[in-house]
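Q: When you get a sec, could you give me coordinates for this:
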Amino acid sequence: QVFYDVNLRQNYYEKEWIEKSLCQCSIVKLNDREALVISELLFGQILKQEKLAELICREYDLSIVCITHGKNGSSVYRNGKLEKVPGINGPVADTVGGGDSYSAGFLFSYLCGTSMYEAAEFAEIVGNFVVSQSGAVPKYPKWLEKEIENLKYKIKK
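A: Take a look at the predicted model:
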């Protein structure tokens, strides 16, 4: 699997770079704002997220599209099906690192053998914890370390 976190910043991107990156990956992650930009940039119009995910998968031969919605959770798309994963209502101290921690949580869990939906649920847990702390790389509490160890154990089975 090759994971691509779109991570658009201001106007420092080109359509060609995004298309080349999409051609090289199998899983893409973007947020709501990036979904709007990508939709218009690649398809010339603002599409509903399910349609955008469908077109990205078809046009670029991707297997999974993850779209994060901040405190409102995320959506994951595969094989013509969009699943919505609820967000976790918790305190927000610092959003820096929230998207990256979602990506890391999703990829780690998915590569440990969980379903796409379960991976997104775990990603929501990790992302929610990170934004509840100050700084992008907070020390994980014991309960989260245990969740990570449980997933690692699953891979060894």
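Q: As a check, name the ranges of all helices in this structure.
A: If DSSP state H is used as the criterion, the helices of the chain fall at 15-24, 32-43, 49-60, 98-111, 116-131, 142-156.
Q: Okay, angle between the shortest one and helix 49-60 too, please.
A: On the basis of axes from the mean of the first three to the mean of the last three Cα atoms, to 10 degrees, helix 15-24 is oriented at 80 degrees to helix 49-60.
Q: just checking, what packs against the lowest-mean-pLDDT helix or strand in the chain?
A: Within the chain, no helix or strand scores below helix 142-156, which has a mean of 85 by mean pLDDT, DSSP states H and E. Counting contacts by 3 or more Cβ pairs under 8 Å, 6 or more residues apart in numbering; DSSP states H and E, helix 142-156 packs against helix 98-111, helix 116-131. C-beta here means a position set from N, CA and C on the backbone, and glycine is covered the same way.
Q: Buried residues, it. List them.
A: Within helix 142-156, the residues that qualify as buried by neighbour count (16 or more other Cβ atoms under 10 Å) are 144, 147-148, 151.
Q: same check, this time on stretch 53-65
A: Neighbour-count burial for stretch 53-65 flags 53-57, 60, 62, 64-65 (criterion: 16+ other Cβ under 10 Å).
Q: Poorly predicted segments of this structure, please.
A: 155-157 (pLDDT under 70).
Q: If we use 80, what do you get?
A: For the chain, residues meeting the criterion pLDDT under 80 lie at 136, 153-157.
Q: Excluding sequence neighbours, find me the nearest residue to residue 138.
A: Closest residue in space to residue 138, ignoring its immediate chain neighbours: residue 130 at 6.3 Å, by Cβ to Cβ, 6 or more residues apart in numbering.
Q: Neighbours of that neighbour, how many?
A: Per other Cβ atoms under 10 Å, the neighbour tally for residue 130 reads 26.
Q: quick one: contacts for it?
A: Residue 130 is in contact with 97-98, 101, 136-138, counting by Cβ atoms under 8 Å, 6 or more residues apart in numbering.
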